[in-house]
Every structure is written in structure tokens, then in C-alpha cells.
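>>> Sharing a model that was predicted from the sequence below.
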Amino acid sequence: MERQVCGGEHPPGLLAYGDDDAVGWCQLGPKGSFPRLAAATVARPPAGELDPDRLWAVTCFVVPVAQRGRGVASALLIGAADFARQHGAEWLEGYPVITGGARRPSADLYHGTLTMFARAGFSELRRPTEGRAVMRLSLV
């Protein structure tokens with residue numbers, strides 16, 4: 001864990017602040033820097049997929065209960081796209097949950113929701129498992 005947090009070329013995520021307090025966090029980076037994504041059914045790329053150094057991934061969001069419902073995760077997603085673009089990424093990918101409008105426990109939503117990604121301009125690429133999507137945003 002320490003190597004992931006301290007040893008990379010980029011920080012492992014972004015913090016959102018409200019006044020002087022951190023109100024949320026999201027993890028992102030080059031897709032190739034997340035070895036578990038290569039093995040994950042939901043994120044496993046098809047043959048001939050984009051270069052993982054140009055394809056970045058946003059993998060999770062953490063927003064304290066008191067801050068939920070205020071657009072923190074959506075702001076983090078927009079910030080993640082800007083940060084990835086500034087660091088040479090051509091694409092940003094996410095693996096949100098498809099809720100179909102139904103209420104879900106917040107513990108199930110740390111990947112974000114399909115509607116949140118769609119509102120941020122991401123396009124759906126595929127649905128590799130029931131209840132999950134692969135969404136991608138062009139940054140060029």
C-alpha cells in the first residue's frame with residue numbers, strides 16, 4: 001500500500017474540499033498502474049484495447065455520509081477528468097454501478113453510478129456484468 005501511495009509518478013487520487021475540510025476523495029491514475037483491474041471481470045479490456053498509459057481509470061469515490069447528496073462525487077469526477085488530461089491521458093474510464101433508478105446501499109456505490117458518469121459526458125462502452133458498466137470519456 002505504501003508503494004502505491006508514495007512511489008508513483010502521480011498521486012493516487014484527488015481530494016475535494018469544502019471550506020478547509022476534506023469532503024471527498026477519488027482514486028485515479030493510468031489504468032496500467034492498477035494491476036487488479038487487469039484481472040477484474042468488469043474492467044478487463046478487450047483484445048487490442050488502448051495503451052494503458054494513455055487510458056486512465058477512476059476506480060472509487062469516498063464521500064462521508066454528512067457530505068453525500070451535495071454533488072461531491074460528481075465534482076470529483078469532473079476534477080479527475082481535468083487532472084488526467086493535464087497529465088497526458090487521452091481517455092478516462094470508470095466502472096460505475098447501474099442502479100436503474102432504484103435505491104442502493106451506499107456501500108454498493110463507491111464506484112459511482114452510471115447516471116453520474118453519463119452526466120459528466122462519459123459514454124457507455126459495455127456492460128460486462130449485471131449491474132456494472134464500463135464508461136469512457138475522451139480527453140483529447
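Cool, got the structure. Numbering: from 1, shown residues only.
>>> hey, let's count contacts and neighbours off CA atoms from now on
OK.
>>> now the helices for this protein?
With helices called from DSSP state H, the chain shows them at 2-6, 35-39, 72-86, 114-119.
>>> Switch those over to CSV; also include mean pLDDT, mean neighbour count and distance to Met135.
Formatted as CSV, the helices of the chain follow (pLDDT from 0 to 100; neighbours: other CA atoms under 10 Å; distance: least, CA to CA, whole Å):
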stretch, mean pLDDT, mean neighbour count, distance to Met135
helix 2-6, 42, 10, 24
helix 35-39, 79, 12, 14
helix 72-86, 94, 19, 12
helix 114-119, 95, 18, 7
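>>> mind giving me a markdown table with those helices and columns for distance to Asp20?
Below are the helices of the chain laid out as a markdown table (distance: least, CA to CA, whole Å):
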| stretch | distance to Asp20 |
| --- | --- |
| helix 2-6 | 23 |
| helix 35-39 | 33 |
| helix 72-86 | 15 |
| helix 114-119 | 25 |
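>>> Spatially central residue for the protein, please.
Most central in the chain under CA atoms, centre = their mean is Val58, positioned 2.2 Å from the mean C-alpha point.
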